[in-house]
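Q: mind looking at a prediction? Sequence and model below.
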Amino acid sequence: MLQDRSATPQDLSASFQQATEQAIRALEAYRAWLQAQLGAMPEKVSVGRENYEFFLHQVALLPYSPQQLLALGRQELDRSVAFEQYEKQRNRDCPNCNSLPVFHWRSNGPKKKNWRSANFSRRRAS
């Protein structure tokens with residue numbers, strides 16, 4: 001229909017509305033199917049190395065291998081921990097700066113510690 005140059009805006013609008021309603025019905029049917037199948041689905045699924053690499057390169061369009069992504073993730077974790085330490089050192093004399101959340105890394109993920117309400121005010125220079 002988009003190739004038909006004689007189509008009026010009203011025709012296009014009606015066609016779009018019909019396609020939208022079809023898409024909504026399809027998504028609702030898919031949701032119902034997923035909910036019906038949920039009990040039979042395994043909680044943990046391993047897609048395998050070959051399928052994961054296919055996903056990375058062909059779907060996500062990333063040029064990295066799983067090992068490179070792991071190294072990049074570790075590098076980013078190290079960078080964020082280092083910058084947190086820089087900020088702590090920079091703000092060591094700032095009494096209001098300790099009210100921000102502090103995260104401590106565990107092997108199974110981040111753990112919040114010393115959570116207080118965020119106060120972004122800084123001590124004013126005299």
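A: Nice, I can see it. Every value quoted in this text rests on a predicted model; they were computed, and no experiment measured them.
Q: low-confidence stretches in the chain?
A: Applying pLDDT under 70 to the chain flags the ranges 1-4, 97-126.
Q: just confirm residue 47 is within a helix.
A: No: with DSSP: H, G, I helix; E, B strand; the rest coil as the criterion, residue 47 is assigned coil and is not in a helix.
Q: could I get the full set of helices for this structure?
A: Counting by DSSP state H, the chain has helices at residues 9-37, 49-54, 66-90.
Q: tell me which strands and helices the shortest one is in contact with?
A: In this structure, helix 49-54 makes packing contacts with helix 66-90, judged by 3 or more Cβ pairs under 8 Å, 6 or more residues apart in numbering; DSSP states H and E. Every residue, glycine included, has its C-beta placed from N, CA and C.
Q: how far out from the middle of the chain is the helix it packs on?
A: 18 Å (Cα atoms, centre = their mean, to the nearest Å).
Q: name the helices or strands packed onto it?
A: The helices and strands touching helix 66-90, judged by 3+ Cβ pairs under 8 Å, 6+ apart, are helix 49-54, strand 102-106.
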